[in-house]
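# Sequence and computational prediction follow.
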Amino acid sequence: MASIKDVAAEAGVSVATVSRALNGHPSVSAAARARVLAAVETLGYRPNAVARSLRTDQTRTLGLVISDVMNPYFTELARSVEEEARALGYSVIIGNADERPDLQDHHVRTLLDRRIDGLLVSPTDGGSPLMLDAVRAGTPMVFVDRWIAGLDVPVVRSDGRAAVRELVAHLHRLGHRRLAIIAGPAATTTGRERVTAFQEALAEYGLRLPDDYIGQGDFQATSGRRATERFLDLDEPPEVVFAADNLMALGALDAVRARGLRVPEDLALAAFDDIPWFVHTDPPVTAVAQPTGELGRAAVRALVDRIEGRPGESVTLPARLVVRRSCGEPAAPPAPANPPAPAGPSTPSAPTAPAETAAPSPSPVRRSKP
C-alpha cells in the first residue's frame, strides 16, 4: 500500500506539500496540486482517515440512532440518510434503539466516544439526560421524525394532521361511525400527536373516541395484534381500526385473520406510515404516507449545516392519504378487455379488416364494431 512519502517522491514535492494539497491549503500552487493528485491516482494512495481526523478535528462521520431498524419506515429513512450523507462526503454509523431508551443512550454514548461530527436521532422517549448533556456540550444534533421538547435542536418531521383529517372524512363518507385507534407510546411525540389528530378529526364529525376504542401499542406488531384482539372482544366492536404505525397495522391484520374474519367486511383497517407491502396485502391497505426519503435527506442537510457553522433549520413536510381498499372502498371498474383503437382517416383503396369480438369480460363494456 502506497504511503504519503511514496506520493511525495512520485510528484517531486515534499511530504508537507502533499499534506497541504490533499487538505486544500491555499499555499499550494495549482501545478503542484495537479502533480500530487496525479501521483495519488497512479499509486492508489488512500489517506489515513484516523490520522487526518486528529489533524483536522473532523472524522467526516455522522451518527444515526433510529428507533427500530425492523420498521420499514426507519429502514427507508436510514437509506436516504446514508445516500445524502455520502453525496456530501460523510459516512454514517447506525445504531438501532429497538424502541428502548437504555439502548438508545448506549448507542449515543458509543457514537460520541467515536468522535462523530454530528448526530441524527429519532428519540424513543422524551427524557434522556445524555441527550441533554450532548446538546449542552455543543454536539451538532438534529432530531428526525420524533423530538424532545425543550431542547434547542432542529427537528425534521412530517405533519400528518391534515392527512389524518382527510382519512376520517373518507371513513365518514364510507358510512363508518365507530372508529378505534391503536396508539403509539405516550412517551413519544409521534405517539401523542397521532392520537390527538385522530380525536380532533373525529370531533369535527361529532364522533367520540371512547377509552375502550384506544388501544395502547408500542409501534411493534405484537402490540397491534393484542390491541385488535381486545377490540374484537368488546360487546360493540369498532367498525374501523386505525393503527398509528405500519407494524401495528400488520399485527392488527394478523388478529383479524386469526379469528377467521375478513378485512374490510368484518373490520376495516387503516394505517399511519405507508410501506411498499401494503399494495400486496389482501386487501391493499389504506394508509397515511410520509415523505420518508425527503425527510432523511433534509435531516442530513440540516445536520451538515450545524457542523459547518451554519444555522440548521427545522423542516416540516406534509403527509398524504393513500386510498386503497381496506376500509370498504369500492373496487375500481375493470378496464375493457380490448379497447378500440383511435379512429384514423379512411382510405378507400385499403382492404377492410374483419370485425373483432371482445373477449368475455365481467364488465358490461363491449368493443363496438367498425
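Noted; the coordinates are in hand.

# Give me the residue ranges of the stretch 201-350 of the chain where confidence is low.
332-350 (pLDDT under 70).

# all helices of it, in order?
221-232, 246-258, 292-307 (DSSP state H, counting those that start in this stretch).

# Those: which one's closest to Ser19?
Ser19 lies closest to helix 292-307 among these, at 22.5 Å (Cβ to Cβ). From N, CA and C alone the C-beta is placed, and that goes for glycine too.

# for that closest one, which positions count as buried?
By neighbour count on 16 or more other Cβ atoms under 10 Å, the buried set for helix 292-307 is 292, 295-307.

# Turn these into JSON lines, columns for distance to Ser91.
Shown next, in JSON lines, are those (distance: Cβ to Cβ, whole Å):
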{"residue": "Thr292", "distance to Ser91": "21"}
{"residue": "Leu295", "distance to Ser91": "20"}
{"residue": "Gly296", "distance to Ser91": "15"}
{"residue": "Arg297", "distance to Ser91": "16"}
{"residue": "Ala298", "distance to Ser91": "19"}
{"residue": "Ala299", "distance to Ser91": "16"}
{"residue": "Val300", "distance to Ser91": "12"}
{"residue": "Arg301", "distance to Ser91": "16"}
{"residue": "Ala302", "distance to Ser91": "18"}
{"residue": "Leu303", "distance to Ser91": "13"}
{"residue": "Val304", "distance to Ser91": "13"}
{"residue": "Asp305", "distance to Ser91": "18"}
{"residue": "Arg306", "distance to Ser91": "17"}
{"residue": "Ile307", "distance to Ser91": "13"}
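
# so which pair among those residues is furthest apart in space?
Farthest pair in the buried residues of helix 292-307 (Cβ to Cβ) is Thr292 and Ile307. Separation: 22.9 Å.

# Which of the buried residues of helix 292-307 sits closest to Ser3?
Nearest member of the buried residues of helix 292-307 to Ser3, counting by Cβ to Cβ, is Ile307, at 29.7 Å.

# sorry, back to before: relative to Val121, tell me which of the helices of the stretch 201-350 of the chain wins on proximity.
helix 292-307 (9.8 Å).

# quick one: the closest one to chain centroid distance?
Computed by Cα atoms, centre = their mean, to the nearest Å, the chain-centroid distance of helix 292-307 equals 13 Å.

# same thing with stretch 72-92?
11 Å.

# then it to PDB, C-alphas only?
The C-alpha trace of stretch 72-92 is given here as PDB (Å, rounded to 0.1, in the frame of the first residue of the first chain):
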ATOM      1  CA  PRO A  72     -39.700  -0.400   7.100                       C
ATOM      2  CA  TYR A  73     -40.200   3.300   7.700                       C
ATOM      3  CA  PHE A  74     -36.900   3.600   9.600                       C
ATOM      4  CA  THR A  75     -35.200   1.300   7.100                       C
ATOM      5  CA  GLU A  76     -36.100   3.700   4.300                       C
ATOM      6  CA  LEU A  77     -35.200   6.700   6.400                       C
ATOM      7  CA  ALA A  78     -31.700   5.200   7.100                       C
ATOM      8  CA  ARG A  79     -31.100   4.500   3.500                       C
ATOM      9  CA  SER A  80     -32.000   8.100   2.400                       C
ATOM     10  CA  VAL A  81     -29.700   9.400   5.200                       C
ATOM     11  CA  GLU A  82     -26.800   7.300   4.100                       C
ATOM     12  CA  GLU A  83     -27.200   8.300   0.400                       C
ATOM     13  CA  GLU A  84     -27.400  12.000   1.200                       C
ATOM     14  CA  ALA A  85     -24.500  11.900   3.600                       C
ATOM     15  CA  ARG A  86     -22.400  10.000   1.000                       C
ATOM     16  CA  ALA A  87     -23.200  12.700  -1.500                       C
ATOM     17  CA  LEU A  88     -22.000  15.400   0.900                       C
ATOM     18  CA  GLY A  89     -18.700  13.500   1.700                       C
ATOM     19  CA  TYR A  90     -19.800  11.900   5.000                       C
ATOM     20  CA  SER A  91     -20.100   8.300   6.200                       C
ATOM     21  CA  VAL A  92     -22.800   7.100   8.600                       C
END
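
# what does it contact?
Applying Cβ atoms under 8 Å, 6 or more residues apart in numbering, the contact partners of stretch 72-92 are 60-64, 66-69, 94, 117, 120, 122, 144-145, 245-246, 273, 275-277, 290, 292-297, 299-301, 304.

# Buried residues, that stretch. List them.
Buried positions in stretch 72-92, judged by neighbour count with 16+ other Cβ under 10 Å: 72-74, 76-78, 80-82, 84-85, 88, 90, 92.
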